[in-house]
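Peer 1: let's see this in three dimensions:
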Amino acid sequence: MSDEETTSEAPPSLNDWNAQVIEEFRANNGVLGGPFAGATVLLLHTNGAKSGLPRVNPVMYLPKETAMYVFASKAGAPNSPDWYYNLLANPHVIVEVGGETFEAVATPLEGETRDTVYAEQAALSPQFAEYQTKTPRVIPVVELVRV
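Peer 2: From the prediction side, this is the model:
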């Protein structure tokens with residue numbers, strides 16, 4: 001795959017880092033080392049909101065009974081990551097988790113439902129609580145449901 005197909009719309013240094021994470025993810029059936037060792041990570045495929053080009057981003061997720069939840073934290077940056085705007089423009093996504101790939105529909109959560117899921121993620125991964133304190137925006141939580 002070309003860089004356009006395997007990376008986000010981020011700056012080159014982040015694209016290079018994402019490409020390395022994606023390569024490791026695929027080589028090890030979704031198991032990552034380094035800063036992601038033991039973390040639940042999936043690869044989220046979106047189409048660029050402006051370009052329409054395919055994008056792939058490694059994203060931490062929270063697995064639940066009938067869905068998976070991803071968090072547009074961008075480490076507490078003032079704006080959401082590009083992949084979030086991409087899925088708002090086209091909620092039909094592809095998910096790679098472990099050695100499995102499937103289509104899903106992405107739906108942002110709101111209100112109490114969003115708050116409950118985010119709190120659960122923050123309890124499991126405390127950096128998410130820190131991310132929310134760094135930004136005035138409410139970090140989006142997105143439900144991924146397999147189609």
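Peer 1: need the distance between the two termini of stretch 39-51.
Peer 2: Distance between the two ends of stretch 39-51: 31 Å, counting by CA to CA, to the nearest Å.
Peer 1: give me the buried positions along it.
Peer 2: Neighbour-count burial for stretch 39-51, with 16 or more other CB atoms under 10 Å as criterion, is recorded at 40, 41, 42, 43, 44, 45, 46, 47, 48, 49. The C-beta positions use only the backbone N, C-alpha and C, and glycine is treated the same way.
Peer 1: give me the subset of those residues that lies in helices.
Peer 2: If you go by DSSP state H, the buried residues of stretch 39-51 have nothing in helices.
Peer 1: and of those residues, the nearest to residue 19?
Peer 2: residue 43 (11.5 Å; CB to CB).
Peer 1: in this structure, what residue spans correspond to strands?
Peer 2: 41-47, 54-63, 68-71, 92-97, 100-108, 141-146 (DSSP state E).
Peer 1: can you list the strands that the longest one pairs with?
Peer 2: By that I understand strand 54-63. strand 41-47 (antiparallel), strand 68-71 (antiparallel) (DSSP bridges).
Peer 1: and for it, what's in contact with it?
Peer 2: 4-9, 18, 21-22, 25, 32, 36, 39-48, 68-71, 81-83, 86, 97, 117, 120-121, 124-125, 144 (CB atoms under 8 Å, 6 or more residues apart in numbering).
Peer 1: of those, grab the buried ones for PyMOL.
Peer 2: Selection command for PyMOL covering only the buried members of these, criterion 16+ other CB under 10 Å:
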select buried, resi 6+7+8+9+18+21+22+25+32+40+41+42+43+44+45+46+47+48+68+69+70+71+81+82+83+86+97+117+121+125+144
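Peer 1: across the sheet, point out what pairs with the most centrally placed residue in the chain.
Peer 2: Nearest to the mean C-alpha position of the chain, counting by CA atoms, centre = their mean, stands residue 59 at 3.1 Å. Beta-bridge pairing for residue 59 (DSSP bridges): residue 42.
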